[in-house]
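*Asks:* A structural model of the following input is requested.
(one chain, ligands or ions: 1)
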Amino acid sequence: MNAPTILVFDSGLGGLTVHAHVARARPDARIVYVADDAVFPYGRLTNHELEDRVTAVFDRLIPLVRPDIIVIACNTASTIALGALRARFDTPFVGTVPAVKPAAAASKSRRFSVLGTPGTVRQEYTAELIRSFASDCNVTLVGAPRLAALAEAEMRGEPVSDADLAAEIEACFVEDEGGRTDVVALACTHYPLVLPRLELLAPWPVTWIDPAPAIARRVVQLIGERSAGAPVRTDGRALFTSGRALLPSLREVLSARGLPDVAVEAMPPGLTASVPSVN
Ligand code: DGL
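*Replies:* Now for the predicted structure:
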């Protein structure tokens, strides 16, 4: 497909970890990144609230952006609402779901952890992935209540303490006579934003699995490779549904990531905005 329009969607800044790989795979694409920051974090919502919210948001976004393909760069939204989105809209969706299969393939100790939002780890979708792909593994599900908000704070240049980050990942590391955790699947797209710090804070080295490269490969499978000679675009657009944290430092980060055109696009009211607290 020539110069496709790709919509990359998340509750906040986490989807930037997926956006980076998608933009690298199709540098000629018109990319619109959408952060539904008006109701961040999604991990605190009930399934019903989240499904209603993303449906309402896409009712507005699809005519506005006219994407050829949509990447739900959010495990929480994908595990809860991907089925409903695919049933409602004709545009193809690529989801982001916990990387249980690659984690099982990588684990030598057969003990790995899935680190996600509280919303993602309690989903039947996640349980089914484990039954299908990791039935011979000992899997620890860890719902981190604050890690997505801490990653956002770090992106905005605010101080985030080692102790706060360490507390969020502590439960991933399990050791007993059967062996110890050797793989952690990052089942929230926000977490790779702070991966260098998580690596330093881990009580022992593990393989961290970030699904973003696999998602970019799936996008290319669906829309094809860049045609030879297709010009590279540098005018990526980022839309925020509230924009309340759009500080100059964040605008700089977005611009450096190929998203210089930043705007606020308010979405239908419904859920009230929560001000993410990192303290
Ligand atoms: N980045 C999102 C995910 O992959 C969720 C963060 C949140 O809004 O709770 O699950």
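*Asks:* Please count neighbours and contacts with C-alpha atoms only from this point.
*Replies:* Noted.
*Asks:* what does the stretch 151-279 of the chain put close to the ligand?
*Replies:* Residues of the stretch 151-279 of the chain lying near the ligand by Cα under 6 Å from any ligand atom: 188-190.
*Asks:* distance of the residue of the stretch 151-279 of the chain found nearest the ligand from residue 155?
*Replies:* In the stretch 151-279 of the chain, no residue comes nearer to the ligand than residue 188, which is 3.2 Å away by Cα to the nearest ligand atom. Separation of residue 188 from residue 155 (Cα to Cα, to the nearest Å) stands at 15 Å.
*Asks:* The residue of the stretch 151-279 of the chain closest to the ligand: neighbouring residues, count only.
*Replies:* By other Cα atoms under 10 Å, the residues close to residue 188 number 29.
*Asks:* quick one: furthest residue from the center of this structure?
*Replies:* Within the chain, the residue lying farthest from the chain centre (Cα atoms, centre = their mean) is residue 177, at 34.2 Å.
*Asks:* where does the residue of the stretch 151-279 of the chain closest to the ligand fall, phi/psi-wise?
*Replies:* Here is the backbone geometry of residue 188 (degrees, to the nearest 10): phi -150, psi 130.
*Asks:* which residues does it contact?
*Replies:* Residue 188 is in contact with 14, 74-76, 98, 115-117, 148, counting by Cα atoms under 8 Å, 6 or more residues apart in numbering.
*Asks:* Surely residue 152 touches residue 13?
*Replies:* Yes: using Cα atoms under 8 Å, residue 152 makes contact with residue 13 at a distance of 6.4 Å.
*Asks:* Which neighbours do these two have in common?
*Replies:* Listed as contacting both residue 152 and residue 13 by Cα under 8 Å, 6+ apart are residue 190.
*Asks:* who's more crowded, those two?
*Replies:* Remark: of residue 152 and residue 13, residue 13 carries more neighbours, 29 against 23, as counted by other Cα under 10 Å.
*Asks:* my guess is that one meets residue 35, correct?
*Replies:* Yes: using Cα under 8 Å, residue 13 makes contact with residue 35 at a distance of 6.6 Å.
*Asks:* Pretty sure residue 197 sits in a helix.
*Replies:* Yes: assessed by DSSP: H, G, I helix; E, B strand; the rest coil, residue 197 belongs to a helix.
*Asks:* about what we covered before: quick check, nearest of the contacts of residue 188 to residue 206?
*Replies:* Nearest to residue 206 out of the contacts of residue 188 is residue 115 (Cα to Cα; 12.9 Å).
*Asks:* Specify the local secondary structure of the closest one.
*Replies:* From three-state DSSP, the assignment for residue 115 is strand.
*Asks:* can you pull up the bridge partners for it?
*Replies:* Here residue 115 sits in beta bridges with residue 142, residue 186, going by DSSP bridges.
*Asks:* likewise residue 237?
*Replies:* Judged by DSSP bridges, the bridge partners of residue 237 are residue 32, residue 261.
*Asks:* now residue 32: how far from the ligand?
*Replies:* To the ligand, residue 32 is 17 Å away according to Cα to the nearest ligand atom, to the nearest Å.
*Asks:* what sits against that residue?
*Replies:* If you count contacts by Cα under 8 Å, 6+ apart, residue 32 has them with 5-8, 65, 236-239.
*Asks:* same thing but at 6 Å, please
*Replies:* Counting by Cα atoms under 6 Å, 6 or more residues apart in numbering, residue 32 touches 7, 237-238.
*Asks:* What pLDDT is listed against it?
*Replies:* Per-residue confidence (pLDDT) for residue 32: 98.
*Asks:* ditto for residue 73
*Replies:* Residue 73 carries a pLDDT score of 98 in this model.
*Asks:* Please apply the same query to residue 204.
*Replies:* Among the per-residue scores, residue 204 holds a pLDDT of 98.
*Asks:* in the longest helix along the chain, what counts as buried?
*Replies:* If you go by DSSP state H, the chain has its longest helix at helix 47-65. Neighbour counts over helix 47-65 (16 or more other Cα atoms under 10 Å) mark 47, 50-51, 53-55, 57-59, 61 as buried.
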